[in-house]
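Asks: no FASTA, just this:
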């Protein structure tokens, strides 16, 4: 089946974009990854409205990317914070790829605003595409794509005669 003939309504990229492509979602995930987990801190850091932030956080919790945990500091009332789940942490390579691309093409003339380095050795952290045999993939043309188990033909529009 040729790609043009394939139905894309169940495409994983499309589904992922439907979730993380909403405004503010990737920036919320960026901030939670960096340790900002309280609603008020996220709102202040991002400059997003309360209603939009509440909506996006609710969606991330509903889809299992974040969990709401309660905590209580001594002498204070119980509060909530947002914590990444495994599903949310699995988006870290995507955030790293976006940062890496932004650093290359969009950073200020003096350089990027953030330097990400490996905690243990201090080397810069970057995303790479590799196959299961360890070969680095440098271009989309190096990847063969075939229909997967849920591939189905694209519906055809009935053309009136």
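Replies: Yep, that arrived. Since the model is a prediction, treat every value here as computed from it, not as a measurement.
Asks: residues contacting residue 154?
Replies: Residues near residue 154 by Cβ atoms under 8 Å, 6 or more residues apart in numbering: 4-8. From N, CA and C alone the C-beta is placed, and that goes for glycine too.
Asks: For the strand or helix carrying residue 27, what is the distance to the chain centroid?
Replies: Using DSSP states H and E, residue 27 sits in helix 25-33. Put simply, helix 25-33 sits 8 Å off its chain's centre (Cα atoms, centre = their mean, to the nearest Å).
Asks: about what we covered before: name the member of the contacts of residue 154 with the most neighbours.
Replies: Greatest neighbour count in the contacts of residue 154, by other Cβ atoms under 10 Å, goes to residue 6: 16 neighbours.
Asks: Report the beta-bridge partners for it.
Replies: residue 153 (DSSP bridges).
Asks: So it is in contact with residue 151, correct?
Replies: Yes - using Cβ atoms under 8 Å, residue 6 is in contact with residue 151, at 5.8 Å.
Asks: Let me know whether residue 99 touches residue 124 as I believe.
Replies: No - with contacts counted by Cβ under 8 Å, residue 99 stays clear of residue 124, the gap being 11.0 Å.
Asks: okay, and the common contacts of those two?
Replies: By Cβ under 8 Å, 6+ apart, residue 99 and residue 124 have these common neighbours: residue 116.
Asks: what about these two, which has more around it?
Replies: Set side by side, residue 99 and residue 124 show more neighbours around residue 99, with 19 against 10, by other Cβ under 10 Å.
Asks: all helices for the chain, in order.
Replies: In the chain, helices defined by DSSP state H lie at 12-20, 25-33, 39-46, 50-62, 86-89, 92-105, listed in chain order.
Asks: ok, and for the fifth one, which residues are buried?
Replies: In terms of neighbour count (16 or more other Cβ atoms under 10 Å), helix 86-89 has its buried residues at residue 88.
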